[in-house]
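**Student:** sequence plus predicted model, see below.
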Amino acid sequence: MTLQEALATFLCHLRDERDASPHTVKSYREDLQQAVQFWEASESRPPRVTELTTRQVRAFLAWLHQQGYSRSTIARRLAALRAWFRFLCRQEALTENPADGVRGPRREQKIPTFLTESDTARLLQAVPSTTRLASRDRAILEVLYSAGLRVSELVNLSLEDIDLEGGTILVRGKGKKERLAVLGRAARRALRDWLEERVQLLARLRRESAAVFLNKNGTRLTTRGVRDLMRKYCLRANLPGRVTPHTLRHTFATHLLDRGADIRAVQELLGHASLATTQIYTHVTTRRLQDKYRAAHPRA
C-alpha cells in the first residue's frame, strides 16, 4: 500500500466511521500530507507503508524544527502520525507503530491573552443601535463573553439549543461532546432582542432557518463572519493588540477565576476534558496578583 493510499483510507475512516468534523479531517489531512510529501521527496523512490521506520519519523520532526515550526505544531504533527499509524496497525497494514518511542518537544506554555473588565465593557458598548443587525452583533458578543463559547460552537447553535427561561445553552463542542453553558442576564436580554429581530428578518426574506445567528441573507453565519464583525468592533472600541472571538473565551475564564470561581466549575463551563488545560488560566490570575502585590506593597 502506498502512503497516499494509506492516508486516503485513514481520512475516510475519520469522516465515515469516527464522524469527525470537516475541520478535524482537514487538519489531519494537512498535517499528514506534509509528512508524506517529505518522505516522498527525501527518498530515492516513494516508500511504501511497510517501509516506514522510526528513523524516518525522527527525520521529519527534525526537518520541521529546521524549518522554524513551533514546538506546539511539531507536537501536533507527531500526534497525527501516531493516530494514523495506530489505525494502520489495527488494519494490519503495519506490524508496529513507527512513532512509538519518539518523544515530541516539550510544549511551550503560552499565557492566553484576555481583556480587562473595562476593555470588555468598551467592546460590548461599541455596537451601535442604528443598524438592522446591531441586535445580532450585540447578542454575539454578549453570548461569547457570558458563556465562554468557541466561535465554532456559537455559529453552530440552533434554536432548539437555547433555553432563555432557564438561562442555558446546549453546546456541542470538540469531538461532538455536549455541555450546558450558562447565560447571564445581559446575554439573555441581548439574545431575546435578536431573536425578535431574527423573526422579522426571515419574514422579510421569506426564508426559514434553524440557526440562531444569521447573516443578512438569512443563512447561518460563518466563523469568518463573526471574526470580521469582532475586528470591526475592536477597532471602534480602540482596543490594543489582536483581539479575536477566542479572546472573549479567555476573558470569560480569567474573569471568573479573578472573582473567585472554582477551577473545576470553570473547567466544566469551558468543556475542557482535562483540568490541566484549564490551569493555564491560574497562571494568568497568579501573575496579575503578583503585579498588584509589587505595585502596592511597600517592601515588594
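**Tutor:** Yep, it's here.
**Student:** can I get the CA coordinates of the helix or strand hosting residue 188 in PDB?
**Tutor:** Take DSSP states H and E as the rule and residue 188 turns out to sit in helix 185-205. The C-alpha coordinates for helix 185-205 follow below in PDB (Å, rounded to 0.1, in the frame of the first residue of the first chain):
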ATOM      1  CA  ARG A 185     -28.800  38.500  32.400                       C
ATOM      2  CA  ALA A 186     -27.200  40.800  29.900                       C
ATOM      3  CA  ALA A 187     -26.700  37.900  27.400                       C
ATOM      4  CA  ARG A 188     -30.300  36.700  27.800                       C
ATOM      5  CA  ARG A 189     -31.600  40.200  27.200                       C
ATOM      6  CA  ALA A 190     -29.400  40.700  24.100                       C
ATOM      7  CA  LEU A 191     -30.300  37.200  22.800                       C
ATOM      8  CA  ARG A 192     -34.000  37.800  23.300                       C
ATOM      9  CA  ASP A 193     -33.800  41.100  21.400                       C
ATOM     10  CA  TRP A 194     -32.000  39.400  18.500                       C
ATOM     11  CA  LEU A 195     -34.500  36.500  18.300                       C
ATOM     12  CA  GLU A 196     -37.300  39.000  17.800                       C
ATOM     13  CA  GLU A 197     -35.400  40.800  15.000                       C
ATOM     14  CA  ARG A 198     -34.400  37.400  13.600                       C
ATOM     15  CA  VAL A 199     -38.100  36.500  13.100                       C
ATOM     16  CA  GLN A 200     -38.700  39.800  11.200                       C
ATOM     17  CA  LEU A 201     -35.500  39.200   9.100                       C
ATOM     18  CA  LEU A 202     -36.600  35.800   7.900                       C
ATOM     19  CA  ALA A 203     -40.200  37.100   7.200                       C
ATOM     20  CA  ARG A 204     -38.800  39.800   5.000                       C
ATOM     21  CA  LEU A 205     -36.600  37.400   3.200                       C
END
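**Student:** hmm, who's touching it?
**Tutor:** Helix 185-205 is touched from outside by 124, 132-133, 135-136, 138-139, 142-143, 145-147, 162, 164, 167, 183, 208-209, 212-214, 216-218, with contacts defined as Cβ atoms under 8 Å, 6 or more residues apart in numbering. In this view, the C-beta of every residue, glycine as well, is placed from N, C-alpha and C.
**Student:** just the buried ones from the residues you listed?
**Tutor:** Among these, the ones that count as buried by 16 or more other Cβ atoms under 10 Å are 124, 133, 135-136, 138-139, 142-143, 145-147, 162, 167, 183, 209, 212-214, 218.
**Student:** this completes my enquiry, with thanks.
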